[in-house]
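Peer 1: Sharing a model prediction with you, sequence too.
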Amino acid sequence: MRNRNVTAVPAEYFKSVKSELQGTIQEVSYEASSYIDISRQLVAKENIAISEAGRETVAGDAIWKRCNVYLPAGYDSSDKDVRYNVMYLLHGVGGSQFEWLSSNGQVDERFILCNLFDNLIAKGDIEPLIVVFPNGRSAHDWTDASFTTEGTNMLGFYYFDYELRHDLIPFIESNYKTYANITDTSPEGILFNRAHRAIAGLSMGGMQALNLIVGGYRYDSTRFTGTESSWNNGLDKTVPAPGMIDLFAYVGAFSNAPTSSEGSVLGASLRSSDHKLQLLYMTCGDADGVAITSYAKSIEGLTEHAGNHLGPFYQVLIKDGFHDFNVWNNGAYNFSRLIFGNSEEYAESDVIRKTL
């Protein structure tokens, strides 16, 4: 199962498979104790330094959030012997936990992305896996999908790392049959667990994958920072996030949004980590007027600053590609084929550049 060649998605992978080979989607609720409240403060149970969060933490009641979960065909919660890898897929600035599903469209009355994973599994390209679709706004108003730079819903994008670490991952790994077990914090357990988790995102979710997982800057409205926006979009960087490489060995960023950090910042964060990022997959359409500049900016200098803390680094351009699901489906297809050990043949310093 060494599918290291990056290719366009075969057309038949968008079509449905036989019913017995089809996975299922569950929408589930979980409690989130880490989020931005109405006063723009960070609610958290943990003691988080202001230098890390960029704001004081306060006590507060947990809120209820929802996510979608893809379970592969044959998933049986009563089977004690079978475990699964988990991939988290993050949405864009105007999306939600449904964007990868409903906004991506349907073929044969099934979500295209479900057909894609069904085919990958049925054809033996990847092992059966669980896919989690969170809502990436860690805020009291997480259901608000409006683009308002001063909104707490926007600020919540830049604080999703705490919810992911302290709320969502523990929920998934205590309720589903995963290899990873976040309660095992031994050195051996951390190494094992991170090898069985992957995360990727489109647009704003791609920014989150870079800034929050690899390690870049948080952003806030310039109305509250009192600074100028380098993007002329009302947002400016505040403090660096610590990264989550201790939890994830594989990261993908598809058409990463303009507030993504520079490659030198991301690489330096990797170098300072106790762990190596086993694979980084970045992709963008070469005609994407939204993200092509930030894509290039986040690549430049990353490898040099990361040193030996970065494994294979895929840089994939989609010819005539725009800011849309043509690019993002290609990203999900190739990323899922390369993670969980399927790219081991490359040396730790390999950079793989390709245009599809």
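Peer 2: Done, it's in.
Peer 1: Pull the contacting residues for the residue most central in space within the chain.
Peer 2: Per Cα atoms, centre = their mean, the C-alpha nearest to the average position across the chain is that of A200, at 3.1 Å. Contacts for A200 (Cβ atoms under 8 Å, 6 or more residues apart in numbering) come out as 87-90, 206, 209, 251-254, 281, 331-332, 335. For glycine as for every other residue, the C-beta is placed from the backbone atoms N, C-alpha and C.
Peer 1: Of those - the most surrounded one?
Peer 2: Highest neighbour count within the contacts of A200, by other Cβ atoms under 10 Å: A253, with 35 neighbours.
Peer 1: Specify the beta-bridge partners of that one.
Peer 2: G201, M282 (DSSP bridges).
Peer 1: I figured it hits L279, correct?
Peer 2: No - A253 is beyond contact range of L279, at 11.8 Å (criterion: Cβ atoms under 8 Å).
Peer 1: and G156, what are its phi and psi?
Peer 2: Main-chain torsions, G156, degrees, to the nearest 10: phi -60, psi -30.
Peer 1: That one is in contact with R137, isn't it?
Peer 2: Yes - applying Cβ under 8 Å, one finds G156 in contact with R137, separated by 3.9 Å.
Peer 1: Looking at the two, which is more packed in?
Peer 2: R137 (30 against 24).
Peer 1: ranges for the strands of the stretch 101-250 of the chain?
Peer 2: Assigned by DSSP state E, counting those that start in this stretch, the stretch 101-250 of the chain shows strands spanning 106-107, 110-111, 129-133, 197-202, 217-221, 235-240, 250-254.
Peer 1: Parallel or antiparallel, which strands does the second one pair with?
Peer 2: So the one you mean is strand 110-111. strand 106-107 (antiparallel).
Peer 1: Quick one: mean pLDDT for the strand it pairs with?
Peer 2: Per-residue pLDDT values over strand 106-107 give a mean of 97.
Peer 1: ok now it, how far from the chain's centre?
Peer 2: Computed by Cα atoms, centre = their mean, to the nearest Å, the chain-centroid distance of strand 106-107 equals 24 Å.
Peer 1: For it, give me every contacting residue.
Peer 2: With Cβ under 8 Å, 6+ apart, strand 106-107 has contacts from 14-16, 112, 115.
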